[in-house]
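Chemist: fold the following and give me the result.
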Amino acid sequence: MKSAEFKRNWDVINKKYNYSEPFPEYVAKIGDQIKHFMLPENRKYQGATGNAIGMLDALMLYNEHCNLPEEKVDKFLENIKCIINFLLLVRQTSQVPLNTAYFIKKRLEIENCSNVEQAKNVLEKEIAFHRQNYKDTIAKIANHFKKRIIDRIETYGIKKLVIGTHCHSSVVVRAIIEAKDYIQQVVVDKTEPEQQGILTAYELLNAGIPVKLINLCQYGLEFRRIGLFMFGIDAVSADGVVLNKTGTRMIATLAKTKDLPVYFLGSTYKYARETLLGGLVKLEHRKVEKRIMDNHLGIDLSPYYGPDAKFKDHDGNSLLTVQFTGFDTTKAVFYDSVVSEVGFLPMREAFEIAWADYL
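Modeler: Numbers count the residues shown, from 1 in each chain. The predicted structure follows:
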């Protein structure tokens, strides 16, 4: 949903309740920041949890700006849904905002607020809870996995372990830092074309952890040294299929042939609830074609690409096709376990334990 459509929906609600509230430009701005998360000034909204933090920021700003009369609680609740629906469409793959939105709406429904002030208080408390819970779940996962790393070292009869990872995951970085005394080195690939692996390398290096930075295609040569793979999660389905940055499936498949353990770390916020009812996780397609075509050789491929291509085939199509799919899927047969704040449990079971009060 674009900002213009968001504004139209906002105007429809104003008309429906015969009460005009100014359009929340600050919400539209946060939506733009979430969309362009790789810009340095927007980095706080990077990743699934970052996207969700952006949503919480937007909702809190509206909560603070809202001056609705007490009896307009229905309009308040509809405005909240309108803001949420706009922000969820900015990054459709992100499960943390989807689940956070579900929990917020469910809490407001459970409380059955009779006036605006009550609804605002419930929303403020729910926002504060999720802000803290994002941090708490990361800490719990890191602690769980530190024990698994120690266990692997004892099993292998070695002093330290070489870890392999891909792209950037806050929980993976935190878990590695927690277990740094038991880690010899972390192999990180650069992760083209958006190079999020650089963030992983930078954060680990700042924590004093040795890093080997490679390109994804080099991983095959590193398998003889790596003792364990750790990946983040963008989403996990009811049947245990994990969605993560493109390249994950390739690494996990190769690791399986070498009998190397593979773990996916992510909170129960990453569980794709809609897959329980047969739904599919939406794949996000980012417009990064120019980054793929850019090269240090200085070769200009633009005459062969796009509707204005100078060179085309017999059917009038450009000779060059460029595509970037941000995510791929890894079936449960190719990894050892998903690790959430509840521990080493299948995500469906972990979700039901963690969120029993909302289900």
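
Chemist: can you give the domain ranges for this protein?
Modeler: Annotated domains of the chain cover 3-135, 140-273+332-358 [automatic domain parsing].

Chemist: out of those, which one sits most buried?
Modeler: Each of the domains of the chain was scored by mean neighbour count; the highest is domain 140-273+332-358, a mean of 19, by mean count of other C-beta atoms under 10 Å. Yep, even glycine has a C-beta here, placed from its N, CA and C like the rest.

Chemist: from start to finish, how long is that one in a straight line?
Modeler: 21 Å (C-alpha to C-alpha, to the nearest Å).

Chemist: centre of the chain versus it, how much separation?
Modeler: 14 Å (C-alpha atoms, centre = their mean, to the nearest Å).

Chemist: what of stretch 130-147?
Modeler: Distance, centroid of stretch 130-147 to centroid of chain: 16 Å (C-alpha atoms, centre = their mean).

Chemist: before we move on, the earlier item: what's the closest of the domains of the chain to Leu297?
Modeler: Leu297 lies closest to domain 140-273+332-358 among the domains of the chain, at 15.3 Å (C-beta to C-beta).

Chemist: got the domains of the chain as JSON lines, with mean pLDDT and distance to Asp315 columns?
Modeler: Shown next, in JSON lines, are the domains of the chain (pLDDT from 0 to 100; distance: least, C-beta to C-beta, whole Å):
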{"stretch": "domain 3-135", "mean pLDDT": "93", "distance to Asp315": "32"}
{"stretch": "domain 140-273+332-358", "mean pLDDT": "94", "distance to Asp315": "28"}
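
Chemist: make a markdown table from these and add distance to Gln323 to it.
Modeler: Formatted as a markdown table, the domains of the chain follow (distance: least, C-beta to C-beta, whole Å):
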| stretch | distance to Gln323 |
| --- | --- |
| domain 3-135 | 16 |
| domain 140-273+332-358 | 11 |
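
Chemist: tell me how far the closest residue to Ser114 other than its chain neighbours lies from Asn85.
Modeler: Nearest in space to Ser114, with sequence neighbours left out and distances taken as C-beta to C-beta, 6 or more residues apart in numbering, is Val73 at 6.7 Å. Val73 sits 19 Å away from Asn85, going by C-beta to C-beta, to the nearest Å.

Chemist: so what's the residue lying closest to Glu111 once chain neighbours are set aside up against?
Modeler: Distances taken as C-beta to C-beta, 6+ apart place Val122 nearest to Glu111, at 4.8 Å, with adjacent residues excluded. Residues near Val122 by C-beta atoms under 8 Å, 6 or more residues apart in numbering: 107-108, 111, 113.

Chemist: in what helix or strand does Val122 lie?
Modeler: Secondary structure from DSSP states H and E places Val122 in helix 116-156.

Chemist: could you pull out the helices for the stretch 251-359 of the chain?
Modeler: 289-293, 347-354 (DSSP state H, counting those that start in this stretch).

Chemist: got a list of what the residue nearest to Gly220 when sequence neighbours are not counted touches?
Modeler: Distances taken as C-beta to C-beta, 6+ apart put Leu254 closest to Gly220, at 6.6 Å, once the chain neighbours are dropped. Shown in contact with Leu254 (C-beta under 8 Å, 6+ apart): 219-220, 223.

Chemist: quickly note the distance from Leu254 to Phe324.
Modeler: On the measure of C-beta to C-beta, Leu254 and Phe324 end up 22 Å apart.

Chemist: repeat that for Arg348.
Modeler: 31 Å.

Chemist: ok, Pro210 next?
Modeler: Pro210 sits 31 Å away from Phe324, going by C-beta to C-beta.

Chemist: do the same with Gln95
Modeler: Remark: distance between Gln95 and Phe324 (C-beta to C-beta) = 21 Å.

Chemist: where does the spatially closest residue to Tyr45 that is not a sequence neighbour land in three-state SS?
Modeler: Nearest non-adjacent residue to Tyr45, counting by C-beta to C-beta, 6+ apart: Gly54, 4.2 Å away. Three-state call for Gly54 (DSSP: H, G, I helix; E, B strand; the rest coil): helix.

Chemist: spit out the contact partners of Gly54.
Modeler: Here Gly54 is in contact with 30-31, 33-34, 44-45, 87, 97 (C-beta under 8 Å, 6+ apart).

Chemist: got it, and Arg249?
Modeler: Contacts for Arg249 (C-beta under 8 Å, 6+ apart) come out as 328-330, 334.

Chemist: Val288 too?
Modeler: Contacts of Val288 (C-beta under 8 Å, 6+ apart): 193-194, 324.

Chemist: Lys159 versus that one, what's the distance?
Modeler: 41 Å.

Chemist: do Pro261 as well
Modeler: Distance of Pro261 to Lys159, computed by C-beta to C-beta: 18 Å.

Chemist: do the same with Ala128
Modeler: 43 Å.

Chemist: show me what the helix or strand hosting Ala4 packs onto, helices and strands only.
Modeler: Under the criterion of DSSP H and E, Ala4 resides in helix 3-16. Counting contacts by 3 or more C-beta pairs under 8 Å, 6 or more residues apart in numbering; DSSP states H and E, helix 3-16 packs against helix 25-35, helix 73-88.

Chemist: so which elements touch the shortest one?
Modeler: Yep, that's helix 25-35 we're talking about. Packed next to helix 25-35, using 3+ C-beta pairs under 8 Å, 6+ apart, are helix 3-16, helix 47-65, helix 73-88.

Chemist: how about residues contacting the first one?
Modeler: It refers to helix 3-16. 20-21, 23-24, 27-28, 31-32, 75, 78-79, 82, 85-86.

Chemist: ok, so what distance separates Asp136 from Arg174?
Modeler: 12 Å.

Chemist: hmm, back to that, so which of the contacts of Arg249 belong to strands?
Modeler: Those of the contacts of Arg249 mapping onto strands are 328-330, per DSSP state E.
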